[in-house]
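>>> Following is a predicted model, sequence given first.
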2 protein chains.
Amino acid sequence: MAAMTQLESPPAGAAALPEGAEGAAAAPPAVRPGRRRDPSRDADILAATLDVLAEVGYDGMTMDMVAARAQAGKATVYRRWESKADLVIDAVACLKSPPPLDDLPDTGSLRGDLVAMIRTPSVKDAQRKLRIMTGLVSLIDREPELAETTRRALVEPRAAVTRALLRRAVERGEARPDCDIETLASVSAAMASYRTLMLRKPVDREFLLSVIDGVIVPAAVGAPGH
Amino acid sequence: MAAMTQLESPPAGAAALPEGAEGAAAAPPAVRPGRRRDPSRDADILAATLDVLAEVGYDGMTMDMVAARAQAGKATVYRRWESKADLVIDAVACLKSPPPLDDLPDTGSLRGDLVAMIRTPSVKDAQRKLRIMTGLVSLIDREPELAETTRRALVEPRAAVTRALLRRAVERGEARPDCDIETLASVSAAMASYRTLMLRKPVDREFLLSVIDGVIVPAAVGAPGH
DNA sequence: CAGTTCCGGAACTGTGCGGTAACGTAGGAG
DNA sequence: CTCCTACGTTACCGCACAGTTCCGGAACTG
């Protein structure tokens, strides 16, 4: 079902500290008998986790759901992750979207650049991420580290683009030099997540345009933009 | 512990429709024998609900916690509300803060008015509300009506004030006449809830000032404010 | 071949919690 | 006084779910 293309690092599966007895057998020989673990199952399980997370949230998600969606047994899941929380944390961490920094739009105006950012496929991808964020809220205040992970994986990429566009607009002389780039760059994410979490309204193109034309551009550019 | 000063309407306790058999005893006589229900328990239970909600969220909250905090028995709670969800919905609905619209600050400038809104006690009260909102997120997408209730009780009062201040600034000629008041009025709430839910950072005076000076004022007023 | 580890599936255990029922007591109506 | 209801406490039921274990089978090592 889902895409899931990356995941290079093994998810740190079960590092139960051996608590060395007296001078134990140094390093366990890397070669072990038996059937090899199938790495493709990791990605399937993580993708299934994100799907279920986006649909029912962390508290509504059960390990049976994840296993069923991944067509895996629960034992296969627990062989790789110690707990439900561990699984979700890893799934979010492996969600780094491909950095869209390479092809920054350059339309010549700040508004044009910002509008170019919200092409339709990009918006749909962002909606999925917002659903995932919604489901993570309840876990975030039990696992503080997850807040930072989530921010980096889900929010920061887009904020970084906005930041770069604003910086360029300042250098170009279009935006006023004293504008608060850091705060302005987080406005989009804040407005979008607020609309999704509390208002339960869709974050569509029209809404994003009103944020660009009603907030970001007028705040960055002195004169009425348009 | 908590304040809890309002609550005039009885919380609709258990209106099990009688499904009239043939010509039953018309209206049940309003006077009933036995001990009267103590109305002060309602407020205590609702206040306890909001306290627990702010501390552990909806999914972490148990009915035993609420009953213990209110020094009540679970039966006393269930005599008034049919379910956990009902209790929480009523608790949020009874949280209408006193409308601060009567004494709108009038400092002569938009920035001065907005800064006057964020006096220290007001900020602390808002933080409690943000904690409650955080705990409600997981329930909101199971009970769509709750989204509207939450918005009206927790968000709308402050947004309405901001809206009024912006409108006045436009009439005064300070803010540009074409500014998007509706979108700008929701920026504060969005930034604050985003910071609380996702970033887990405190919504303090410094942060709110950066929203005012970095976003709202420059977006509403054409020229660099200050 | 035997021995070991993985796989999906299913049965199982333990626990925490929503909701109910049964106490014994307090207090208002007749 | 006698009913009847509300109150707080405690025990209890049922269920859902995290996590474990076992099964039959597949894959890999020696």
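Okay, I see it. Residues are numbered from 1 along each chain as shown, chains lettered A, B, ... in the order given.
>>> Ends of stretch A:111-130, what's the gap?
The first residue of stretch A:111-130 is 24 Å away from its last residue (Cα to Cα, to the nearest Å).
>>> Not counting its own residues, what contacts that stretch?
Outside stretch A:111-130, the residues within contact range by Cβ atoms under 8 Å, 6 or more residues apart in numbering or on different chains are A:54, A:95, A:97, A:100, A:104-107, A:154, A:158, A:161-162, A:165, A:168-169, A:192-193, A:196, A:202-205, A:208-209, A:212-213, A:216-217, A:225-226. Every C-beta, even on glycine, is put in place using the N, C-alpha and C of the backbone.
>>> So how do I select the buried members of these in PyMOL?
Selection of the buried residues among these in PyMOL, burial being defined by 16 or more other Cβ atoms under 10 Å in any protein chain shown:
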select buried, chain A and resi 54+95+154+158+161+162+165+169+192+193+196+203+208+212+213+216+217
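>>> of the contacts of stretch A:111-130, list those near DNA strand C.
With the criterion set as Cβ under 7 Å from any atom of the strand, no member of the contacts of stretch A:111-130 is near DNA strand C.
>>> For the nearest residue to A:Met61 once chain neighbours are set aside, give me its contacts.
When the adjacent residues along the chain are set aside, A:Met61 lies closest to A:Val52, with 4.8 Å between them (Cβ to Cβ, 6 or more residues apart in numbering or on different chains). When contacts are counted by Cβ under 8 Å, 6+ apart, A:Val52 touches A:Met61, A:Met65, A:Val66, A:Arg69.
>>> gap between the last one and A:Val52?
In this structure, A:Arg69 and A:Val52 are 6 Å apart, going by Cβ to Cβ, to the nearest Å.
>>> quick revisit: tell me, what's the model's pLDDT at the residue nearest to A:Met61?
According to the per-residue confidence, A:Val52 scores 98 in pLDDT.
>>> doesn't A:Ile181 make contact with A:Arg167?
Yes - proximity of A:Arg167 to A:Ile181 meets the contact threshold set by Cβ atoms under 8 Å, at 6.2 Å.
>>> More neighbours: which of these two?
Using other Cβ atoms under 10 Å in any protein chain shown as the criterion, A:Arg167 and A:Ile181 rank with A:Ile181 on top: 17 against 13.
>>> Identify each buried residue in stretch A:52-59, please.
Across stretch A:52-59, burial judged by 16+ other Cβ under 10 Å covers A:Val52, A:Leu53, A:Ala54, A:Val56, A:Gly57, A:Tyr58, A:Asp59.
>>> swap in stretch A:115-133?
So, applying 16+ other Cβ under 10 Å, buried residues of stretch A:115-133: A:Val115, A:Met117, A:Ile118, A:Val123, A:Ala126, A:Gln127, A:Lys129, A:Leu130, A:Arg131, A:Ile132, A:Met133.
>>> so how far is that stretch off the chain centroid?
Computed by Cα atoms, centre = their mean, to the nearest Å, the chain-centroid distance of stretch A:115-133 equals 11 Å.
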